[in-house]
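Visitor: I would like the atomic coordinates for the input below:
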Amino acid sequence: MTTQSLTRCFRFPDVDFEPDVHLLVWRDKTETPLTLHESRLLEALCYCAGEVISHEQLHNKTFSHLDPYEDGTDQHYDLNNILKPLAAKLNLQGKMAIPIEVVPHYGFRVPLPEKTCRLVHEPDETKGEEAPPSEIDNEDSEFRSATEEIVKTSVIHKISVVILTLLAVGIITASFLEYL
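Guide: Down below sits the predicted model:
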């Protein structure tokens, strides 16, 4: 039995970045693992893709949600110590697969991804590694979240939405008539 996991993906021309599993998945289906900090930093850049994000903002977005019980000391992480190995991992035949542009005196920027999507990962039991991801179709997927499943299929949910809408219209009408 294989376990499937749903992950987010930022798709660029040469590579997919999957922050939930800390991976770069290349077009030839090879994978490059990222450290937690590299993944969080690249995720913050991709989330703000196209915008220049200051050094301070990037630091805050990257390290603000770390586990407070990690080691008991207040650590200050240096972005440069994370950017350098990340840039090496993003290097594909002498060019950056996801170019991280340094904007002098302000911050950093990455280009917009071609697409953002969700992917399904199935571990490959023969290798003990994850198999290449397969993209899911949001409309006819067997991997919908519980909320998506309820919203799309539940008759009770649809009836409750209609009732709430009618109640809201009634309240608005009553309050309007009260002012007349």
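
Visitor: give me the element residue 6 is part of.
Guide: Secondary structure from DSSP states H and E places residue 6 in strand 5-11.

Visitor: partner strands of that strand, with direction?
Guide: Strand 5-11 has the following strand partners under DSSP bridges: strand 15-18 (antiparallel), strand 115-121 (antiparallel).

Visitor: mean pLDDT for those strands: which is lowest?
Guide: Least confident of the strands paired with strand 5-11, judged by mean pLDDT, is strand 115-121 with a mean of 75.

Visitor: could you give the separation of that strand from the chain centroid?
Guide: Averaging C-alpha positions (CA atoms, centre = their mean, to the nearest Å) puts strand 115-121 9 Å from its chain's average.

Visitor: now do stretch 48-62
Guide: Distance of stretch 48-62 from the chain centroid (CA atoms, centre = their mean) equals 15 Å.

Visitor: got the buried residues for that stretch?
Guide: For stretch 48-62, the neighbour count (16 or more other CB atoms under 10 Å) marks 48-49, 53, 58-59, 61-62 as buried. No exception for glycine: its C-beta is placed from N, CA and C like everyone else's.

Visitor: how about the residues you listed in TSV, adding pLDDT and secondary structure?
Guide: Below are the buried residues of stretch 48-62 laid out as TSV (pLDDT from 0 to 100; DSSP: H, G, I helix; E, B strand; the rest coil):
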residue	pLDDT	secondary structure
48	88	coil
49	90	coil
53	90	strand
58	87	helix
59	84	helix
61	80	helix
62	79	helix
